[in-house]
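>>> Provide a 3D model corresponding to the input given below.
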Amino acid sequence: MKKYVNISEVAEHFSVSISTVRHWVREGYIPEHTYVKIENTQRFKLDEVDKALSELGEGTTPDDG
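Model prediction:
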């Protein structure tokens, strides 16, 4: 079973702010199948998020726009 992590761990992993991770979720850079939403919180499968973002552009992450 894969471990789910909170949004702050995702932000720390990618060296970005929590608001940037939220932006990536809103814009679809982090696909819905990579996290679960429980009430007002999200838990992410970090390896799946990593894979999805790396597929966007050879290991780069999207702008925090």
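
>>> only C-alpha atoms from now on, for both contacts and neighbour counts.
OK.

>>> now residue 36. Its backbone dihedrals?
The phi/psi pair for residue 36 (degrees, to the nearest 10) reads phi -120, psi 150.

>>> next: residue 4.
Dihedral pair for residue 4: phi -100, psi 140, per degrees, to the nearest 10.

>>> now for it, how many residues are close by?
Residue 4: 16 surrounding residues under other Cα atoms under 10 Å.

>>> show me the beta-bridge partners of it.
Taking DSSP bridges as the rule, residue 4 bridges to residue 45.

>>> pretty sure it sits against residue 44.
Yes. Using Cα atoms under 8 Å, residue 4 is in contact with residue 44, at 5.0 Å.

>>> what is in contact with those two at once?
When Cα atoms under 8 Å, 6 or more residues apart in numbering defines a contact, the residues bordering residue 4 and residue 44 alike are residue 35.

>>> ok, which stretches of the protein are strands?
For the chain, the strands defined by DSSP state E occupy 4-5, 35-38, 41-45.

>>> got a markdown table for the ones you listed, with distance to residue 24 and mean pLDDT too?
As requested, the strands of the chain are arranged in a markdown table below (distance: least, Cα to Cα, whole Å; pLDDT from 0 to 100):
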| stretch | distance to residue 24 | mean pLDDT |
| --- | --- | --- |
| strand 4-5 | 16 | 96 |
| strand 35-38 | 12 | 94 |
| strand 41-45 | 13 | 96 |
